[in-house]
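J.: Sequence first, then the predicted structure, then my questions.
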Amino acid sequence: QVQLVESGGALVQAGGSLRLSCVASGDTFSNYAMAWFRQAPGKERDGVATISRFGTSAHADSVKDRFTISRDNAKKTVYLQMNSLKPEDTAVYYCAAGPSYTLTVQSYNYWGQGTQVTVSS
């Protein structure tokens, strides 16, 4: 079992930056691939970025070169650095843990409660 708690969401102007954090507790954090997903009102939950147990990362095309996922296994924390934010990045952002390094929602067993990111134009 893994419990995940996200933080860092806020209201920010377009072009601004935010860093989201997700702290894990319970099972061994380093055993899991981690990912960030987001869900806008009326839309499906989409993968944003994923990072393997060993630190290999991948990002969705829509955020490539703007967002960066990282992890600190000693702190049991995964981060999402978001730069050059756009209004279309507005969504609830969720942290997830699972056995596989992927951006597929169904591959993740454990989810946080989400943190709201709102980007104003």
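T.: Everything's here; your move.
J.: The residue nearest to Ala40 when sequence neighbours are not counted and Thr102: what is the separation?
T.: With Cβ to Cβ, 6 or more residues apart in numbering as the criterion, Ala40 has its nearest non-adjacent residue at 4.3 Å, and that residue is Ala91. Bear in mind the C-beta positions are built from the backbone N, C-alpha and C, glycine included. Distance of Ala91 to Thr102, given as Cβ to Cβ, to the nearest Å: 19 Å.
J.: how about the most centrally placed residue in the chain, what does it touch?
T.: With distances taken as Cα atoms, centre = their mean, the chain has Trp36 as the residue nearest its mean C-alpha position (2.3 Å). Residues in contact with Trp36 (Cβ atoms under 8 Å, 6 or more residues apart in numbering) are 20, 22, 47-50, 69, 78, 80, 93-96.
J.: if we can go back for a sec, neighbour count: Ala91 and Thr102, which is higher?
T.: Taking other Cβ atoms under 10 Å, Ala91 and Thr102 do not tie; Ala91 has more neighbours (22 against 16).
J.: roughly how far apart are the more buried one and Ala58?
T.: Going from Ala91 to Ala58 by Cβ to Cβ gives 19 Å.
J.: List the neighbouring strands of the helix or strand containing Arg19 plus their orientation.
T.: Arg19 belongs to strand 18-26 when assigned by DSSP states H and E. Under the criterion DSSP bridges, strand 18-26 sits next to strand 2-7 (antiparallel), strand 77-82 (antiparallel) in its sheet.
J.: Any chance of CSV for those strands, columns mean neighbour count?
T.: Supplementary listing: these in CSV, determined by neighbours: other Cβ atoms under 10 Å:
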stretch, mean neighbour count
strand 2-7, 17
strand 77-82, 22
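J.: Make CSV from those strands and add distance to Gly26 and mean pLDDT to it.
T.: Listed next are the strands paired with strand 18-26 as CSV, based on distance: least, Cβ to Cβ, whole Å; pLDDT from 0 to 100:
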stretch, distance to Gly26, mean pLDDT
strand 2-7, 5, 97
strand 77-82, 14, 98
